Every structure is written in structure tokens, then in C-alpha cells.
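J.: model this:
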Amino acid sequence: MNNIETIKLDNGLTIYLYSDKRRHSTLFQHVTLFGGQTKDFIVDGKEYHMQDGVAHILEHYVVEENSKGNFLKLLGEKQMGTNAATYYNMTRYYFEAIEDIEYGIETMIRGIYSPIFDEERLEKIKRPILQETKGRMDNKFYHSNQMTLNNCFESIKVRSILGTLDEISNTTLDDVITCYKAFYQPSNQFIVVAGSFDRDSVLDLIKKLYDELDIKSCDMKLIKHDEPSNVLKEKGILEFPTGEDYTEVTYKVNLSKFKVKEKLKLDFYLHYFFDMYFGITSPLYKELVKDKIITTCLSCSTFMMEDYILISVGSYSSNSEELEKRIKETIKNMDSFNEEIFELDKRDSILKIVLRSENLLDTIMPFVSNIVEFKYPYPDTVKDLEEFNFKDFVETIKSLDFSNKTVTVIQNKKENSK
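T.: Here you go, the predicted model:
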């Protein structure tokens, strides 16, 4: 996937074209750099601070309440695989189809840029979103994630893509219109077209549509938070129905000194690190099982927010304090770097990149993620990964500051708690 053509229109929109005539289908993606974490910004000199959930509400509004009608439904009627999704850092509208590609492109683009804003439509949109959010209230990990973010961040206020029930209910039409005008402008968006398509016809159509559309632009700037490196609180206990206590240790690591490509490389290296230190073949895992501290695997994850990455390790355990202690000791000592595991994981990563070509979405999504998460408009290549080496891996992991951490424990309500 090295032959990606990049075209930038005069209005600021970037178009990425990846032609692959071996395919039967075409994948079209329209991406707006506006997601759950995009809350604090300046438009035309005025400062705004939104609550959680606005990006998700706007995604539904754009799809359902526009001059074309529900464009996902229209595309579905043409037997296209289509959907929309809100992430922490983007909103994505897409379809994959074999026929009627130009119809799909025109329907989606015209729909995205023609929402009809009024109070009644907004309230209609909110109802299913409130039901969706209520459904998450029984999920203990939804609540534990909120607690972890509360305990990690002070200035950064993002807690959820969906928002709380009150935040959804309190979102105003002015909030939705303000965010639409600020972020749904071509200079803050990009399009990816991949697969089997007529390059000139598709490009001419996109240009024609943007020439015809009356899209207003404004001066928008994100507000960067002065977030301290230390966590706000070192431990939180969530009392919630659970079969067994769940304990998670989360490290708040500052990446402000990392360059763009170094962050991308770190994304791979952390997966190798997790496998090496917390995977089912790791010394820690074997000890925890042997000592009957855990009976399931250790769960590992990362979450990037502005200049920080949260690195989390957790599991169900009958001995929460001992599990916490051993995870912390493992991170503190880091004396089990294993070159053989590194090389195995590296080869596995290379194989996954090779196999991505079997599926169009698997080919394109890592490219989209590189653009959005790392500001790196290039795909991962086998050559990039072949340059990874064990010494650099060890030095990179050891350069991370693991001194700031918080622990979140999910446990059943104690009988004597009030």
C-alpha cells in the first residue's frame, strides 16, 4: 500500500486515493477531526468549552437530519455496507460498495454538508442516544473507566464519548451548531477512496461537489491544556456488582518529547512490552496463576490524550492488593527484556501488515489511524518494522516515566459501607 495519491483542494480538504484494481469493491471514508476529546476550542476569537457527548450527538444528527434524508439508510437500500462512528479523536462516515460508487459519494457528501438544525429534530435525535447510554449504566468497566480518567487528569476533562445522561439532555442546539460550524469544514476533514474505482471520475466528482456546496469556513483553534504530569488521585474504589474484584494499575506517561514517528513506533513497542511482561508466557503471569492470585489473563491497554498516554494492566483477582503490588514491582524492576520474544512479536507485526492486503478495511483503517492519532499520513510498511531493533526497543521502554500511576479497584459493596 505504498501507491497512495494525495491531493489537497483549495478549500483545505485532503483526498487520499488508493487504487487497487484487484479488488471488486470500493471503500469511501469521510473523516472529520472532531471526536469525544474535542471539547475546548476557539472559533473566530471566542472560547468554547463543551461537555462530553456533543460529537456523538452531532454524528447522529448529520446522518439522520439533513436535506437528503438518512443517507446511511439510502446507501443501505443500494446494498452498500455503510455506517458512521464517533471516536475520541474523529468522526467517520463510510461505505463499501461494488456498484453505484458515484451515487454513494454524492449522497454521503451532500448529506454531511446539509443538516437541518431545529430544536424538535435535536430532541428526536437525543432519545435513542439516551437509551444507548442507559444501557451502559450496568457495565462496570464503563464506570471504572470514568473513575480512572477522573483520577489521572486534572485539566483535561474528557471522560466519555457518549457523555452522561444529564450531559446528553443538556446539550443545546447552539452547542451542536457551534461544533458543526467549527469542525465540519474541509480544512479539518479528509477523504479516503480505496479499491477498484475510476480515479478521474471519482476525483472530478468530489471536486465538483465541493465547488457547488456552500460551505462556510471559520478560524478554529484547539485549546491545549496545561496538564500536570502527576495523577490527581492514586487510588479509587468502585463499588459495583462483580463476581470477583477487578484491579487495574494505570500509568500516566508524558510523551511531549516524542516526535511523531517515535509515537507511532512506541505504539508497536508497547504491544511487544505487554506480551513480554504480562502475556501468558511471561514470568509474572505464570507466578500469579501458580500462586492462585489470578485465574484469567492480564488485560493490557493504552489510551492517548494530548501529550499523555495511559498504560493500563489489570485482571480479576481474589487478592487485589497482591495483584497491585506485583504489577507495580514488575514495572519498577523491568528486568525481563527478552530478545527472542521481541523478534517473534516483530515478525508477527510484519505478517499482520502483509495480511492486511486481504481485506480493504483492514488495509485502510491503520492508515486513517496514523493520520488522526499520529499526524502521520503514511501507511505502516514492512520496511518500517524491519528497522525495529531490540536495543532501541529496550531504550524506548526504559525512557518512559512510570512514576505517576493510579489504581482502580472494582469490588462489591461492603455490608458496612454507607
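
J.: Low-confidence regions, the stretch 51-200 of the chain specifically.
T.: Judged against pLDDT under 70, the stretch 51-200 of the chain has no low-scoring part.

J.: now the helices for it?
T.: With DSSP state H, counting those that start in this stretch as the criterion, the stretch 51-200 of the chain has helices at 54-64, 71-76, 101-112, 119-135, 140-152, 165-170, 173-183, 199-212.

J.: Quick one, which of those helices gets closest to residue 259.
T.: helix 140-152 (23.7 Å; Cβ to Cβ). No exception for glycine: its C-beta is placed from N, CA and C like everyone else's.

J.: could you give the angle of that closest one to helix 119-135?
T.: 100 degrees (axes from the mean of the first three to the mean of the last three Cα atoms, to 10 degrees).

J.: Give me the contacts around helix 140-152.
T.: Here helix 140-152 makes contact (Cβ atoms under 8 Å, 6 or more residues apart in numbering) with 136, 158-160, 231-236, 238, 240-242, 246, 248, 250, 252, 308, 310, 312, 406, 408, 410.

J.: repeat that for 7 Å
T.: Applying Cβ atoms under 7 Å, 6 or more residues apart in numbering, the contact partners of helix 140-152 are 136, 159-160, 231-233, 236, 238, 240, 242, 250, 252, 310, 406, 408, 410.

J.: if we can go back for a sec, out of the helices of the stretch 51-200 of the chain, nearest to residue 304?
T.: Nearest of the helices of the stretch 51-200 of the chain (Cβ to Cβ): helix 140-152, 12.4 Å.

J.: what helix or strand is the residue nearest to residue 370 when sequence neighbours are not counted on?
T.: Sequence neighbours aside, residue 376 is the residue nearest to residue 370 in space, at 4.6 Å (criterion: Cβ to Cβ, 6 or more residues apart in numbering). Assigned by DSSP states H and E, residue 376 belongs to no helix or strand.

J.: any idea how far residue 376 is from residue 384?
T.: 10 Å (Cβ to Cβ, to the nearest Å).

J.: Could you do residue 106 as well?
T.: 36 Å.

J.: cool, and residue 392?
T.: Using Cβ to Cβ, we find residue 392 at a distance of 13 Å from residue 384.

J.: Residue 108 contacts residue 62, doesn't it?
T.: No. With contacts counted by Cβ atoms under 7 Å, residue 108 stays clear of residue 62, the gap being 10.1 Å.

J.: Neighbour count: these two, which is higher?
T.: Set residue 108 next to residue 62 and count neighbours by other Cβ atoms under 10 Å: residue 108 wins out with 27 against 23.

J.: quick one on the thing from earlier: quick one: contacts for the residue nearest to residue 370?
T.: Neighbour list for residue 376: 260, 261, 264, 370 [criterion: Cβ under 7 Å, 6+ apart].

J.: same thing but at 6 Å, please
T.: 260, 264, 370 (Cβ atoms under 6 Å, 6 or more residues apart in numbering).

J.: Around the first one, count how many other residues there are.
T.: Summarising burial for residue 260: neighbours were counted as other Cβ under 10 Å, giving 12.

J.: Quick check, pLDDT for it.
T.: Model confidence at residue 260, given as pLDDT, is 93.

J.: From residue 338, how far out is it?
T.: With Cβ to Cβ as the criterion, residue 260 and residue 338 are 28 Å apart.

J.: Check residue 193 too.
T.: Using Cβ to Cβ, we find residue 193 at a distance of 42 Å from residue 338.

J.: quick one: which of the two has more around it?
T.: residue 193 (23 against 17).

J.: List the contacts of the more buried one.
T.: Contacts for residue 193 (Cβ under 6 Å, 6+ apart) come out as 17, 28, 202.

J.: try 10 Å
T.: With contacts defined as Cβ atoms under 10 Å, 6 or more residues apart in numbering, the neighbours of residue 193 are 5, 15-19, 26-30, 101, 105, 199, 202-203, 206, 364.

J.: Quick one: buried ones out of those?
T.: Buried by 16 or more other Cβ atoms under 10 Å: 15-19, 26-30, 101, 105, 202-203, 206, 364, out of the contacts of residue 193.

J.: Of those, which pair is most distant in space?
T.: The farthest-apart pair in these, when distances are taken by Cβ to Cβ, is 19 and 30, at 18.3 Å.

J.: what's the span of stretch 108-123 from first residue to last?
T.: 23 Å (Cα to Cα, to the nearest Å).

J.: next one: phi and psi at residue 326?
T.: Dihedral angles of residue 326 (phi, psi; degrees, to the nearest 10) stand at phi -70, psi -30.

J.: Give me the buried positions along the strand or helix carrying residue 385.
T.: For residue 385, the host element (DSSP H and E) is helix 382-386. When burial is assessed from 16+ other Cβ under 10 Å, helix 382-386 yields the following buried residues: 384, 385.

J.: can you list contacts of it?
T.: With contact meaning Cβ under 10 Å, 6+ apart, helix 382-386 is reached by 2, 261, 264-265, 268, 346-347, 349-354, 378.

J.: how does it look with 6 Å?
T.: 349, 350, 353.

J.: Those residues in helices, which ones?
T.: Counting by DSSP state H, those place 349, 350, 353 in helices.

J.: check contacts around the last one.
T.: For residue 353, the contact set (Cβ under 6 Å, 6+ apart) comprises 380, 382.

J.: Let's see that with 8 Å instead.
T.: Counted by Cβ under 8 Å, 6+ apart, residue 353 has contacts 380, 381, 382, 385.

J.: Distance-wise, check the second one relative to residue 246.
T.: The reference is to residue 381. 38 Å.

J.: repeat for the first one
T.: Separation of residue 380 from residue 246 (Cβ to Cβ) stands at 33 Å.

J.: following the helix holding residue 385, which helix or strand comes up?
T.: Sequence order places helix 390-399 as the next helix or strand after helix 382-386, per DSSP H and E.

J.: which helices and strands sit right next to that following helix?
T.: helix 260-278, helix 339-356 (3 or more Cβ pairs under 8 Å, 6 or more residues apart in numbering; DSSP states H and E).

J.: Could you identify which of those helices is most buried?
T.: helix 260-278 (a mean of 19; mean count of other Cβ atoms under 10 Å).
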